[in-house]
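Trainee: 3D, please:
(2 chains)
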Amino acid sequence: MNHFCKKALVVAVSVLLAFSAAACTDPTGGETERIDTTKTQLYVYNFYGGYGSDWLAAAKERYEELHKDDVYEEGKKGVQIFINNQKKSMMEVVASQVLDNVDEVYFSEYSYYYTLKNLGILGDITDAVTKPLTEYGETRSVEDKLTDEQKAYYGIEENGTVHYYGLPHYAGYSGTLIYNVDLFEKEGYYFAETPSDNTAEGRFIDRFNTEKSAGPDGVKGTSDDGLPTTYEEFFLLCDFIKEGGATPLTWNGQYYRQYLNNVAQALVADHEGLEEMMLNYTLNGTSNTLATVQNGIVTRQGPTEITNENGYLLTQQEGKYYALSFLEKLIKTDDYHNRLAFNNSYTHIDAQNDFLYAGHDGTTKDAALLCDGIWWEMEAKDTFASMEASMGPDYSKYSRNFGVFPFPKATAERAAEAAASEKPYTLYDDIFSICFMKANIAEWKKPLALDFIRFVNTDESLVEFTTITNTLKALDYTLDDAAKAKLTAFGRSLVEIREKSDIVYPFSTNPLYMNNQEFFSTHEAFYTSQDQWSPSAMHEANITAEQHFANMLAYSRGKWSTLN
Amino acid sequence: MKKYGKLNGYNKWDIAFYIALMAFPVLQFCIFYIGVNFNSLLLAFQKFDVATNTTTWVGFDNLIAAFRRMFMTSEMLRAAGYSFLAYGLSLVIGTPFSLLFSFYIYKKLPASGVFRAMLFLPSVISAIVMVTMFQFFVERAVPDLVFRLFNLRIEGLIENKATRFAAIMFYNIVMGFGIPSVMYANAMGGISPELSEAARLEGVEGIREFFYITLPLIYPTVVTFLVVGVAGIFTNQINLYSFFGQWAPGNTVTYGYWLYIETAAGDRAEYPELAAIGLWLTLVAVPMTLIVKKLLEKFGPSED
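Mentor: Numbering: from 1, shown residues only, chains lettered A, B, ... in the order given. Predicted structure coming up:
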């Protein structure tokens, strides 16, 4: 190799290394903040995933302004919230690192709360949680914003009193279907109140028959009008979309096992409802939906008492079979999904791009629905920005019209039951997000950390989080019309569907659950030893919903005796 | 004359320098090998209850449960099979190619310098970038090429379950090519030029030189790589996490990947059984490694 070639190679490799080194400095791509020695620092770790860090930057700005004249240590005035954005969730941050790291308050996801507690890394934040937020003009405490299930899980009884060591952070409904409302409006993908004729096409609105059906919530004049109420109607809609030349569903091929598994689990929660779904984690109560399936016919068994001894029977909740049959129909034909739906190089970002560009780039045909999580707009923000820059303001995320597609129900009876209910939907939040203060924070800094945790859980901060991310925090709060007006159409739709939903947080304090959390996770929800997850079992091994449903029972029964 | 290996031949500065040099690696070995593994050893005999935050000694319960899981479940037997298959393919395909390629570099044949530099690239570029590029090639470019050439629609090579493992092993073998090739080439570089010249005068050239002169002389280096490979059979992930995250299909899963995922996704209460599995694997891997080393040393080519 001559001298010039060697030099060129050295330069090329150096450039490559420089890029990788630069990537280590700040995952947000922004400038790294410097420590302000005139202020007291509160170090905050933020998991920099789909929800980004803009929400935290906004909270930081308000908090610093609010406390600019406060003195926390001698010779300094004011506070600096020093944000450490990292892409490691609590699954990847070793617990011992938390105690050694400079970060004092953590916002992260996928964490086993009780394990973190047992490892001694969580500081007691009871005062921050239980005292009413009066200094912020509120009458409620943070605890008042938790559901009963959350209180039971996060509140740990010690010496007769309840202590909190962590709080839920953001909501994560991972198996969400997002629909392109603009396309639905343009193409009339809505069921008519009264069919025009007996054909499949006649079931949908047209220019002569414009009155939409009431939709899954059973109430006319709401945003779900005209949307399918049953799985059967959903596939009629898919056929209609397909015949019109568009792609009914788009999902990523790289993680199709995960994304479709998430959809299946979300369908189960929506079918079973809060009480029945929680049995999967509490293992204590009566199940009314256990069923057997033969030749596609679902027969309910009588009410069955669920205990730690027979919890595996819950694999036979009828909603699980219906969700599997939904997946089977979706997967076993190429009619309902995009071409690269099982291609390992086709990422979730590719799917989001295609969904956004579909029908607008001259090559990708219209796409009606995307399978993703509620954070998808944040992940796709670069695509939105690039479309806006090249195609105009009509393509910004605030101009485009997307919505959460309310799940149809498995049967007409269940649809009628849901429509008659005050909360027709049940959402499933399995992101295990967490906010905590580390245990070995300096004593003098504790009040500051606790106050910051209170601050980010005030109604104002919760609403701000939603207006910035167009997603939700996993706490109870409402948005007024002014706040809703700041959201994207998708964000508004998400807020609206949550108002009409019960929420399943898949955890409990049952020792069997706590000692085997992975087994009870969504990852294992439809798992069998021979075919693994249901999406790949159906796609690659040609397993039917009925076979997989039976195999799930065999797997779970076998595994049950080996649980810790 | 200095007595090597004894301290009385050195002055105190030599000793201080030696201690300063060795202290850190020795400490690191004590903590991160002895300490960590000792902890794992203890864990294999414990049970941890998350609900009560208590640890109890359970004798051989974890080892029995781990044994059952490893040898009586289809998942684990399949993972063991793929672990051995991955090692076998690397051994049978990767090692000969590595050796021949090193010989090419050693003989300074055309563009050998460029190849030598290129071998370092997989080590310089992030694994996830390499996996992304490779995936794009086998999942998009190859099907597109086949369609253009034969008007035939095929699935991506990873998407297609029949070609998936082969595609992943191809990636692993190619990416694992660099370091052994460079090391073998370096070892070959240490062979006396007079020896090669004498062989050439005797008419031993090309592939004969490789088999009769070069390979025997670098054999200890080859043995080192093969033995290290055997010791790593149960920890080799074959880059599955980069390809599939936590969702690798069963017809690719190796023990190394399975252990990684179970540890990363599992809870503290699930660690004792994993520690017991680790112990069983050590009991299998250690004698196997020693036997392979002994056999390679006994039956390999001799420098004589």
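Trainee: poorly predicted segments of the chain, please.
Mentor: I went with chain A, as the question did not name one. Residues of chain A meeting the criterion pLDDT under 70: A:1-31, A:90-96.
Trainee: wait, I meant chain B there
Mentor: Those would be B:1-9, B:302-304, if you go by pLDDT under 70 across chain B.
Trainee: mind telling me which residue is nearest the centre of it?
Mentor: Centroid check for chain B by C-alpha atoms, centre = their mean gives B:Gly229 as the closest residue, at 4.7 Å.
Trainee: next, the contact list for that one, please.
Mentor: Contacts for B:Gly229 (C-beta atoms under 8 Å, 6 or more residues apart in numbering or on different chains) come out as B:87, B:90-91. C-beta here means a position set from N, CA and C on the backbone, and glycine is covered the same way.
Trainee: next, A:Thr426: secondary structure please.
Mentor: Three-state assignment for A:Thr426 (DSSP: H, G, I helix; E, B strand; the rest coil): strand.
Trainee: for it, what are its contacts?
Mentor: Per C-beta under 8 Å, 6+ apart, neighbours of A:Thr426: A:269-270, A:272-274, A:277, A:501-504.
Trainee: switch to 10 Å and redo it
Mentor: Contacts for A:Thr426 were tallied using C-beta atoms under 10 Å, 6 or more residues apart in numbering or on different chains; they are A:266, A:268-277, A:319, A:407, A:418, A:501-504.
Trainee: assumed A:Tyr45 was part of a helix.
Mentor: No. A:Tyr45: not assigned to a helix; according to three-state DSSP it is strand.
Trainee: distance-wise, check the residue nearest to it when sequence neighbours are not counted relative to chain B.
Mentor: Nearest non-adjacent residue to A:Tyr45, counting by C-beta to C-beta, 6 or more residues apart in numbering or on different chains: A:Asp103, 3.8 Å away. Distance from A:Asp103 to chain B, counting by C-beta to the nearest C-beta, to the nearest Å: 21 Å.
Trainee: doesn't A:Asn46 make contact with A:Asp103?
Mentor: Yes. At 9.1 Å, A:Asp103 counts as touching A:Asn46 under the criterion of C-beta atoms under 10 Å.
Trainee: who has more neighbours, those two?
Mentor: Using other C-beta atoms under 10 Å in any protein chain shown as the criterion, A:Asp103 and A:Asn46 rank with A:Asn46 on top: 23 against 20.
Trainee: surely A:Pro248 and A:Cys238 touch.
Mentor: Yes. Assessed by C-beta under 10 Å, A:Pro248 is found in contact with A:Cys238 at 4.0 Å.
Trainee: need the overlap of contacts for those two.
Mentor: Common neighbours of A:Pro248 and A:Cys238, using C-beta under 10 Å, 6+ apart, are A:189, A:330, A:335-337, A:368-369.
Trainee: list the contacts of A:Met277.
Mentor: A:Met277 sits next to A:265, A:268-271, A:289, A:314, A:317, A:319, A:426, A:428, A:502, A:504, A:506 when contact means C-beta under 10 Å, 6+ apart.
Trainee: the closest residue to chain B within the stretch 201-350 of chain A: neighbouring residues, count only.
Mentor: Nearest to chain B, among the residues of the stretch 201-350 of chain A, is A:Ser345, at 3.6 Å (C-beta to the nearest C-beta). Neighbours of A:Ser345 under the rule other C-beta under 10 Å: 22.
Trainee: is it true that it touches B:Val138?
Mentor: Yes. Taking contacts as C-beta under 10 Å, A:Ser345 lies within contact range of B:Val138: 7.9 Å.
Trainee: where do the contact lists of the two overlap?
Mentor: B:156, B:158-159.
Trainee: so who does the residue of the stretch 201-350 of chain A closest to chain B touch?
Mentor: Neighbours of A:Ser345 in contact, by C-beta under 10 Å, 6+ apart: A:253-254, B:131-141, B:156, B:158-159.
Trainee: what does A:Glu524 give?
Mentor: Neighbours of A:Glu524 in contact, by C-beta under 10 Å, 6+ apart: A:261, A:516-518, A:533, A:552, A:555-556, A:559, B:265.
Trainee: and those residues as JSON lines, adding distance to A:Ala351, neighbour count and secondary structure?
Mentor: Output for those, formatted as JSON lines (distance: C-beta to C-beta, whole Å; neighbours: other C-beta atoms under 10 Å in any protein chain shown; DSSP: H, G, I helix; E, B strand; the rest coil):
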{"residue": "A:Asn261", "distance to A:Ala351": "16", "neighbour count": "27", "secondary structure": "helix"}
{"residue": "A:Asn516", "distance to A:Ala351": "33", "neighbour count": "22", "secondary structure": "coil"}
{"residue": "A:Gln517", "distance to A:Ala351": "29", "neighbour count": "24", "secondary structure": "coil"}
{"residue": "A:Glu518", "distance to A:Ala351": "27", "neighbour count": "16", "secondary structure": "coil"}
{"residue": "A:Trp533", "distance to A:Ala351": "18", "neighbour count": "24", "secondary structure": "coil"}
{"residue": "A:Met552", "distance to A:Ala351": "27", "neighbour count": "24", "secondary structure": "helix"}
{"residue": "A:Tyr555", "distance to A:Ala351": "30", "neighbour count": "20", "secondary structure": "helix"}
{"residue": "A:Ser556", "distance to A:Ala351": "31", "neighbour count": "19", "secondary structure": "helix"}
{"residue": "A:Lys559", "distance to A:Ala351": "33", "neighbour count": "16", "secondary structure": "helix"}
{"residue": "B:Ala265", "distance to A:Ala351": "24", "neighbour count": "17", "secondary structure": "helix"}
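Trainee: quick one, phi/psi of A:Tyr398?
Mentor: Dihedral pair for A:Tyr398: phi -80, psi -20, per degrees, to the nearest 10.
Trainee: distance of B:Ser102 relative to chain A?
Mentor: 17 Å.
Trainee: surely that residue is in contact with B:Phe225?
Mentor: No. With contacts counted by C-beta under 10 Å, B:Ser102 stays clear of B:Phe225, the gap being 11.2 Å.
Trainee: what touches both of those two?
Mentor: Between them, B:Ser102 and B:Phe225 share these contacting residues under C-beta under 10 Å, 6+ apart: B:180, B:183-184.
Trainee: just the strands in the stretch 151-300 of chain B please.
Mentor: In the stretch 151-300 of chain B, no strands are found when defined by DSSP state E, counting those that start in this stretch.
Trainee: how about the residues of it near chain A?
Mentor: Within the stretch 151-300 of chain B, the positions near chain A by C-beta under 10 Å from any C-beta of the partner chain are B:153, B:155-162, B:164, B:167, B:243-251, B:253, B:261-262, B:264-273.
Trainee: now list the buried members of these.
Mentor: Applying a neighbour-count criterion of 16 or more other C-beta atoms under 10 Å in any protein chain shown, the buried members of those are B:155-161, B:164, B:167, B:243-244, B:246-250, B:253, B:261, B:265-273.
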